[in-house]
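*Asks:* fold the following for me, if possible:
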Amino acid sequence: MKVELLLTAEDFRKYPFVSEALEIIRSLSIGLTDLTASPLRAVIERATVYIKSAISGSELPPPSDDSEEEVLTFTLALLLLKAVGDRMLTRRFAVLFSKRVGEHLSDEETTKLVYILSEIGLRARVLQNRVHGYPLAVHVLSYVENAPERAGAWKLVHRLVEYGWVYVNKMEAARLGEEALKKLIERRIEEIKLDDFSIPDSLYAIIESLSSEWGSHIKQLRERWAPVGLETSEDAFPPCIKVIIEDVKAGKNIPHSARFALASFLLNIGMSVDEVLEIFKAAPDFNEKIARYQVEHIAGIRGSGKKYSPYKCDNMKTLGLCVAECGVKHPLQYYWITLRRKAKLDSDTRD
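*Replies:* You can find the predicted model right below:
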């Protein structure tokens, strides 16, 4: 049963996707043409900034001080993303927006936190008395659907589960909310039918500009994707690494374990830190400063000076990253064996 809660204008600023906020905007009967004129023109400008942030991978600006403007901005941003029609860009926006929301969720009082989670589609409840120190519980199905990783502390076997509920703290609940919100945003954009809207020419011009900017960004990524000499070697990558790379290319927000597996593998076959970073630039939440620090740590340039090796195949299976039975015990073993076979085949062909 959903808990009823009175939300404020401040809540609508932080959570413009909630049903009450959207209902208020519907009651205003504002059309797209109205947004092209002052003073509502600021909504278009803010929505454009939001999408440009997704293109560049930079953080979204704080919510507008005006709750109605923020709800309109969020709604328009979804429409613009639908019009641009690129799933990778949609994922990048969903990741950035959900991260901003996650920061607000982690600071909320538990009752409001649970209410907002219910608006996102995640079943949670406040415990009247803490259980083993936990103030909240998330239904096991919601937990499994939205756990950011299938490994480490997030793995269900490592959690305290009773009567179909998983006990969590506020930070964990907020993190689960982030994942659920990403899916909600993508789903809402998918459900938009552009034929239902009369889009003014001035707004079409903005859509075309955003599409062009995103296209140029993707072209640059592709041109930098494969450093000299890598294209031939990529054929020898094990299936698990190929899948992770395809997920990164597709703009998916891959878990930390997959990022470590990919970065450590690429570094161990001879790629430089900069070359590895070029690959990760396609990730929706890419932050060069943070990514460089992490990759340099894996490479042994920072910290203890130890260069990390990729996970063994047994570890890849445990983490849910193994996708095929390759008959080897380590991804690097697969790579070097495949390279030697290819080199021999090329040599025999020349002879």
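*Asks:* which regions of this protein lie under the pLDDT threshold?
*Replies:* Scanning the chain with the threshold set as pLDDT under 70 gives 1-4, 221-233, 346-351.
*Asks:* scan it for its longest strand.
*Replies:* When the chain is parsed with DSSP state E, its longest strand is strand 124-131.
*Asks:* and that one, what other elements does it pack with?
*Replies:* Judged by 3 or more C-beta pairs under 8 Å, 6 or more residues apart in numbering; DSSP states H and E, the packing partners of strand 124-131 are helix 110-120, strand 134-139, strand 165-168. All C-beta atoms are positioned from the backbone trio N, CA, C, and that covers glycine.
*Asks:* partners of it in the sheet?
*Replies:* strand 134-139 (antiparallel) (DSSP bridges).
*Asks:* how about the strand it pairs with: buried residues?
*Replies:* 134-138 (16 or more other C-beta atoms under 10 Å).
*Asks:* equivalent analysis for stretch 199-214, please.
*Replies:* 203, 206-207, 210-211, 214.
*Asks:* list the buried residues for the longest strand of the chain?
*Replies:* 124-125.
*Asks:* who touches that strand?
*Replies:* 110-111, 113-114, 117-118, 134-139, 142, 160, 162, 165, 167-168, 173, 176 (C-beta atoms under 8 Å, 6 or more residues apart in numbering).
*Asks:* restricting to C-alpha, output that strand in CSV.
*Replies:* Only the C-alpha atoms of strand 124-131 are listed here, as CSV (Å, rounded to 0.1, in the frame of the first residue of the first chain):
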residue,chain,number,x,y,z
ALA,A,124,10.3,0.0,-0.2
ARG,A,125,9.1,0.5,3.4
VAL,A,126,10.3,2.2,6.6
LEU,A,127,10.9,-0.2,9.5
GLN,A,128,9.2,0.9,12.7
ASN,A,129,12.1,-0.6,14.6
ARG,A,130,15.5,-1.0,13.0
VAL,A,131,16.5,-4.5,12.1
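*Asks:* remind me what the longest helix along the chain packs against, helices and strands.
*Replies:* Longest helix in the chain, counting residues (DSSP state H): helix 201-225. Secondary-structure packing of helix 201-225 (3+ C-beta pairs under 8 Å, 6+ apart): helix 41-56, helix 67-84, helix 273-280.
*Asks:* now the longest one, how far from the centre of its chain.
*Replies:* In this view, helix 67-84 has its centroid 19 Å away from the chain centroid, taken as C-alpha atoms, centre = their mean, to the nearest Å.
*Asks:* tell me the buried residues in whatever helix or strand comes next after it?
*Replies:* Heading C-terminal from helix 67-84, the first helix or strand you meet, by DSSP states H and E, is helix 87-105. Neighbour counts over helix 87-105 (16+ other C-beta under 10 Å) mark 88-102, 104-105 as buried.
*Asks:* which residues make contact with helix 87-105 from outside it?
*Replies:* 14-15, 50-51, 53-55, 57, 59-60, 63, 74, 77, 81, 113, 116-117, 173-175, 177-179, 181-183, 185-186, 189, 214, 218, 250-253, 282, 284-285.
*Asks:* for PyMOL, what selects the buried ones among these?
*Replies:* In PyMOL syntax, the buried subset of the contacts of helix 87-105 is picked out as below (16+ other C-beta under 10 Å):
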select buried, resi 14+15+50+51+53+54+55+57+60+63+74+77+81+113+116+117+173+174+175+177+178+179+181+182+183+185+186+189+214+218+251+252+253+282+284+285
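*Asks:* save the helices and strands packed on strand 124-131 as a markdown table, and put in distance to residue 313 too.
*Replies:* Listed next are the helices and strands packed on strand 124-131 as a markdown table, based on distance: least, C-beta to C-beta, whole Å:
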| stretch | distance to residue 313 |
| --- | --- |
| helix 110-120 | 36 |
| strand 134-139 | 32 |
| strand 165-168 | 29 |
